[in-house]
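Trainee: This is the structure alone, sequence omitted:
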DNA sequence: ACCTGAACACCGTTCAAGT
DNA sequence: ACCTGAACACCGTTCAAGT
């Protein structure tokens, strides 16, 4: 994924790059998207200019930082798509995605305000959409998912839940589970509304 | 609503205040929340300092600007609460609220990112929540709304739809209608899933 | 009293000078 | 080649000087 050109780069440069990525990943995860690049630089022990040498703009740094999480999300989607029960796969995928956000402040911010320009959003769509499409098709064939449900709707439900989570996280970080259930229930096909052995809360 | 104290204030000051409010309302509606206070000042023909004299901070200006819209939303909720059919009132209230956002960029931004600190959000909750509670109670008594549905859930559905609208507006400003339908369907009580004479789109 | 605009703090980004 | 930090543009906010 990172080869073909660009002579190996000096060892110190490579180290700085890795260090910055690591530092930024940590800071964005715990403190959210508005950590300053100056702060990232200081914590990494380099000058601001170095950050901009490796990442032309803050968005580029964000893209690389969250590319890692995107990979995890893709894995989750792949596993979910392999589930023979389409509905169950879909639900698990959504739960996984929300759990990731639950534990990463920066991801919450990104997911709730998806700039269509954002490289990560684009790649995310490209990689995950086909997998979600498989789940949707399967679940519809199995009669458990509404027939008028689109694969892109899953992405929008993620956006919706992200916004809710962002709004409620500070007060009750797990309230989103309630809304997740609500939305999932709205996805069910006619006559598949039985509570599936969960506690009623 | 604006009396009891503060000697009437000089005529030019009062005019400036009104002018600023009007200008800001216009600009936030069409250009969104990140219009500059310097721009507002210029367009109103005053200095920046004047803006800050009348509104201690940008948030205060926003609060006053959107207090007007809040009043309209409250009216809508009151009308909806008066509907003998609880379900129909609830649906109309949601449709109204979304229509307001649809036509106001600043409102879209605010609704999608509700800071709990925001005075408008607080007032909105205080004024509208009891009305929504009436609708929810009525609809549940009439058996058309899920029994495990909370009045606060309505507010969160608004947040969710606002985020979706914000994400899709540029490309397809009316796509939110689809998701509104989806969520509304998720609110239905068991056995009330008939398509109610709408076109299927 | 109220208005004005220069000035400050802050953040993203650039670039001349260093190694 | 790459690093550094001062410098710039921009936005929110303040305040000394004007009327």
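Mentor: Received the coordinates, thanks. In this text, all values refer to a predicted model and were calculated from it rather than measured experimentally.
Trainee: Mind telling me what element the residue nearest to residue A:144 when sequence neighbours are not counted is part of?
Mentor: The spatial neighbour of residue A:144 that comes closest, neighbours along the chain excluded (C-beta to C-beta, 6 or more residues apart in numbering or on different chains), is residue A:87 at 3.9 Å. (C-beta placed from N, C-alpha, C; glycine too.) Here residue A:87 is covered by helix A:86-102, with elements defined by DSSP states H and E.
Trainee: now for that helix, which elements pack on it?
Mentor: In this structure, helix A:86-102 makes packing contacts with helix A:58-82, helix A:105-112, helix A:119-141, helix A:151-168, helix A:176-187, judged by 3 or more C-beta pairs under 8 Å, 6 or more residues apart in numbering or on different chains; DSSP states H and E.
Trainee: Quick one: closest of those to residue B:153.
Mentor: Between residue B:153 and those, the tightest spacing by C-beta to C-beta is seen for helix A:176-187, at 6.8 Å.
Trainee: any idea of the pLDDT on residue A:68?
Mentor: According to the per-residue confidence, residue A:68 scores 86 in pLDDT.
Trainee: Quick check: residues of chain A near DNA strand C?
Mentor: Contacts of chain A with DNA strand C, taken as C-beta under 7 Å from any atom of the strand, map to A:34, A:36, A:37, A:38, A:48, A:49, A:52, A:56, A:57, A:58, A:59.
Trainee: If we use 10 Å, what do you get?
Mentor: Chain A has residues A:33-41, A:47-53, A:55-62 near DNA strand C, with proximity defined as C-beta under 10 Å from any atom of the strand.
Trainee: What is the burial count for residue A:158?
Mentor: A total of 24 residues lie near residue A:158 under the criterion other C-beta atoms under 10 Å in any protein chain shown.
Trainee: List the contacts of the nearest residue to it once chain neighbours are set aside.
Mentor: If the residues on either side of it in the chain are set aside, residue A:158 comes closest to residue A:97, at 5.8 Å by C-beta to C-beta, 6+ apart. For residue A:97, the contact set (C-beta atoms under 8 Å, 6 or more residues apart in numbering or on different chains) comprises A:73, A:76, A:158.
Trainee: got TSV for these, with pLDDT too?
Mentor: Compiled in TSV, these are given as follows (pLDDT from 0 to 100):
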residue	pLDDT
A:73	94
A:76	96
A:158	93
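Trainee: Give me every residue in chain A lying close to DNA strand D.
Mentor: Applying C-beta under 10 Å from any atom of the strand, we find that chain A lies next to DNA strand D at A:6-17, A:19-20, A:38, A:41-42, A:44-54.
Trainee: Could you rerun that using 7 Å?
Mentor: Within reach of DNA strand D by C-beta under 7 Å from any atom of the strand, chain A has these residues: A:9-10, A:12-13, A:16, A:45-50, A:52-54.
Trainee: Which members of these are positioned in helices?
Mentor: The members of the residues of chain A next to DNA strand D that map onto helices under DSSP state H are A:12, A:13, A:16, A:48, A:49, A:50, A:52, A:53, A:54.
Trainee: Put together CSV for those residues, with neighbour count and pLDDT on each row.
Mentor: Written out in CSV, the entries for these read as follows (neighbours: other C-beta atoms under 10 Å in any protein chain shown; pLDDT from 0 to 100):
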residue, neighbour count, pLDDT
A:12, 8, 86
A:13, 13, 91
A:16, 19, 96
A:48, 14, 97
A:49, 9, 97
A:50, 17, 97
A:52, 15, 98
A:53, 14, 97
A:54, 20, 97
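Trainee: Run through the residues you listed and flag the ones next to chain B.
Mentor: On the criterion C-beta under 8 Å from any C-beta of the partner chain, none of the entries of those sits beside chain B.
Trainee: Closest one to residue A:111 out of those, please.
Mentor: Distance from residue A:111 was checked for each of these by C-beta to C-beta. The minimum falls on residue A:54, at 25.0 Å.
Trainee: Of the residues of chain A next to DNA strand C, grab the buried ones for ChimeraX.
Mentor: The command below creates a ChimeraX selection of those among the residues of chain A next to DNA strand C that count as buried (16 or more other C-beta atoms under 10 Å in any protein chain shown):
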select /A:35,37,40,41,50,51,55,58,61,62
